[in-house]
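Trainee: Quick check, what structure comes out for this input:
(chains A, B, C and D)
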There are 2 protein chains.
Amino acid sequence: MTTHTMREFSARELHKPLFPTVIGQPIPFYPSGTEIYSQGEKAGNLFQVQFGCVRVYRLMADGRRQISAFHMSGDVFGFEAEATHQFFAEAIGGTGVRKILLTPEIAASPMFLPLALQTMSRAQQHLLVLGRQNAAERVAAFLVDMAERQGGLDHLDLPMPRGDIGDYLGLTIETVSRIFTKFRQMGFIQLEGSREVEILNRQSLQGMSE
Amino acid sequence: MTTHTMREFSARELHKPLFPTVIGQPIPFYPSGTEIYSQGEKAGNLFQVQFGCVRVYRLMADGRRQISAFHMSGDVFGFEAEATHQFFAEAIGGTGVRKILLTPEIAASPMFLPLALQTMSRAQQHLLVLGRQNAAERVAAFLVDMAERQGGLDHLDLPMPRGDIGDYLGLTIETVSRIFTKFRQMGFIQLEGSREVEILNRQSLQGMSE
DNA sequence: CGGGAGATTGAGCCCCGTCAAAAACAGTGG
DNA sequence: CCACTGTTTTTGACGGGGCTCAATCTCCCG
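Mentor: A predicted model of the protein is given here:
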């Protein structure tokens, strides 16, 4: 594990809180790869990403992994139907995560239900991708989704490594890499390093993922 | 479309209502294959299955279909993050569905959130199946899940045709059929017609789907 | 008994997973 | 600034699981 410097963040860097934060707590900083919660742990808190990115996933006994969602700046996650967490949540790269104590008042707040339903809706949308789309369509859908979530610009950052993308899309790391190469050769995207993507032909990507 | 006789159902046949029903409405009966709601339609109602079975699905432009859930007697469905439905819901076989007007009081009821979260949780669980399990594991998971939802007995009814199972599991109808045959040959299940399954070796099925 | 929908079975192929190696990249210390 | 090391990504060769196409079978109902 690489060492990281804990630091305080200025208010301007941080997302506007949707709910009151636990009083007196500094925004916790999670170094790359560290656990936010784990399967079996008692649930009952929500989390809001302030900066960075979080992966939420399940593991099978033999190590196969399915990432059910990536959460980016502003996203609220940690909704659970059970009393204990059914998933693992980990920071991807250094990530700031605000913890929200899940009180009855917050559960009754008008912000709460729409956020829970958004998590549901994203999962349902992703079922179509995993169940019925081929590798190229999955990667295209992923790029379009990431671009939208980063403000709809043509330039986007991928905070996560290829392995995470594969485990999110139900593909292997090699297949993801091959599709990226293919899209580059077809002139759909341009890569600047492995984590930065320039979308050159959004039409084609969008059409492919529908 | 086959013709069906509309009839009234005695109170004993019906599930105990979780929420008050729309006054004066008889429980609607949906003949096999009929639409309950469709994509783009205005959302804002919940539905509770009284008997029979419902499939909720999405379609791609080229006709590929992903069933995101089956809903059986007692289940509540129709939760949406948006103002319009993002899915189609259809009866499988003759099905009774109670409509629940989604008033602010019901949305605030203590029953409501857990039901919404259960829909979310089921979708997330299904992501692992679609993303990371092979055909045999998917069918095993499906059988175990259906058995649990029918009271944990070793005998279970499959209200839906093979095509629906395929579109739920992200497989073709042929692959589903082949796996059923394989499980029969391995002594895991016994088939009585195509819609009734006797589970002979639950251990193996369960172990396969974990 | 006949007709039709659904289910099963078979043959062949292709997409994507597996295994392996090379290349690109990042970090560390000299 | 560069050499060294470990990690991530890319690329290649190959095989297999599941899809496609097609034929047959089973099960209902009339």
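
Trainee: Pull the distance from stretch A:156-171 to the chain's centre.
Mentor: 10 Å (CA atoms, centre = their mean, to the nearest Å).

Trainee: ok, and what's touching that stretch?
Mentor: A:52-53, A:55, A:57, A:65-67, A:70, A:72, A:92-93, A:129-130, A:135, A:138-139, A:142-143, A:146-147, A:150, A:172-173, A:175-177, A:194-197, A:199, B:130-132 (CB atoms under 8 Å, 6 or more residues apart in numbering or on different chains). The way it works is simple: take the backbone N, C-alpha and C, and place the C-beta from them, glycine included.

Trainee: Tabulate the CA atom coordinates of that stretch in PDB.
Mentor: This file holds the C-alpha atoms of stretch A:156-171, laid out as PDB (Å, rounded to 0.1, in the frame of the first residue of the first chain):
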ATOM      1  CA  LEU A 156     -13.300  12.600 -20.100                       C
ATOM      2  CA  ASP A 157     -11.200  11.200 -17.400                       C
ATOM      3  CA  LEU A 158     -11.400   7.500 -16.500                       C
ATOM      4  CA  PRO A 159     -10.500   7.400 -12.800                       C
ATOM      5  CA  MET A 160     -10.500   3.600 -12.800                       C
ATOM      6  CA  PRO A 161      -8.100   1.000 -14.300                       C
ATOM      7  CA  ARG A 162      -9.100  -1.300 -17.200                       C
ATOM      8  CA  GLY A 163      -9.700  -4.200 -14.800                       C
ATOM      9  CA  ASP A 164     -12.400  -2.200 -13.000                       C
ATOM     10  CA  ILE A 165     -14.100  -1.300 -16.300                       C
ATOM     11  CA  GLY A 166     -14.000  -5.000 -17.200                       C
ATOM     12  CA  ASP A 167     -15.600  -6.000 -13.900                       C
ATOM     13  CA  TYR A 168     -18.200  -3.400 -14.400                       C
ATOM     14  CA  LEU A 169     -19.100  -4.400 -17.900                       C
ATOM     15  CA  GLY A 170     -18.800  -8.200 -17.400                       C
ATOM     16  CA  LEU A 171     -15.800  -8.400 -19.700                       C
END
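
Trainee: Which positions within it qualify as buried?
Mentor: Within stretch A:156-171, the residues scored as buried using 16 or more other CB atoms under 10 Å in any protein chain shown are A:156, A:158-160, A:162, A:164-171.

Trainee: now, the most widely separated pair of these?
Mentor: Farthest apart among those by CB to CB are A:156 and A:170. That separation is 21.2 Å.

Trainee: surely residue A:133 meets residue A:209?
Mentor: Yes - using CB atoms under 8 Å, residue A:133 is in contact with residue A:209, at 7.4 Å.

Trainee: center of chain A, which residue is that?
Mentor: With distances taken as CA atoms, centre = their mean, the residue of chain A nearest its centroid is residue A:70 (1.2 Å).

Trainee: And it, its phi and psi?
Mentor: Dihedral pair for residue A:70: phi -100, psi 140, per degrees, to the nearest 10.

Trainee: swap in the one 3 residues further on?
Mentor: For residue A:73, the backbone dihedrals are phi -50, psi 120 (criterion: degrees, to the nearest 10).

Trainee: before we move on, what about the one 5 residues further on?
Mentor: Dihedral angles of residue A:78 (phi, psi; degrees, to the nearest 10) stand at phi 110, psi 0.

Trainee: any idea how far residue A:109 lies from DNA strand C?
Mentor: Note on residue A:109: its distance to DNA strand C, by CB to the nearest atom of the strand, to the nearest Å, is 40 Å.

Trainee: typed the wrong thing, it's residue A:30
Mentor: Taking CB to the nearest atom of the strand as the measure, residue A:30 falls 17 Å from DNA strand C.

Trainee: Next: residue A:203.
Mentor: Distance from residue A:203 to DNA strand C, counting by CB to the nearest atom of the strand: 21 Å.

Trainee: same for the one helix or strand in chain A whose mean pLDDT sits lowest, what does it pack against?
Mentor: Confidence across the helices and strands of chain A bottoms out at helix A:104-108, with a mean of 87, counting by mean pLDDT, DSSP states H and E. Judged by 3 or more CB pairs under 8 Å, 6 or more residues apart in numbering or on different chains; DSSP states H and E, helix A:104-108 is in contact with no other helix or strand.

Trainee: So which residues make contact with stretch A:188-206?
Mentor: If you take CB under 8 Å, 6+ apart as the criterion, stretch A:188-206 is touched by A:140, A:143-144, A:147, A:154-159, A:161-162, A:180, A:183-184, A:186-187.

Trainee: Filter these down to the ones in strands?
Mentor: Residues of the contacts of stretch A:188-206 located in strands (DSSP state E): A:155, A:156, A:157.

Trainee: what sits in contact with each of residue A:133 and residue A:209?
Mentor: residue A:141.

Trainee: neighbour count winner among those two?
Mentor: residue A:133 (22 against 19; other CB atoms under 10 Å in any protein chain shown).

Trainee: picking up where we left off before, among the contacts of stretch A:156-171, which are in reach of DNA strand D?
Mentor: Contacts with DNA strand D are made by A:173, A:176, A:177, A:194, A:195 out of the contacts of stretch A:156-171, judged by CB under 7 Å from any atom of the strand.

Trainee: What's the local residue count around the second one?
Mentor: What it means is residue A:176. 23.

Trainee: The last one now?
Mentor: When neighbours are counted by other CB under 10 Å, residue A:195 registers 14.

Trainee: where does it land on pLDDT?
Mentor: Per-residue pLDDT puts residue A:195 at 96.

Trainee: Now the phi/psi pair for it, please.
Mentor: Dihedral angles for residue A:195 - degrees, to the nearest 10 - are phi -110, psi 0.

Trainee: Pull up the gap between it and residue B:88, please.
Mentor: Counting by CB to CB, to the nearest Å, the gap from residue A:195 to residue B:88 is 38 Å.

Trainee: Within range of DNA strand D, give me the residues from chain A.
Mentor: A:161-163, A:173-174, A:176-178, A:180-181, A:191, A:194-195.

Trainee: so which of those residues comes closest to residue B:45?
Mentor: residue A:176 (40.3 Å).

Trainee: I'd assumed residue A:143 was in contact with the closest one.
Mentor: No - between residue A:176 and residue A:143 there is no contact under CB under 8 Å: 11.0 Å.
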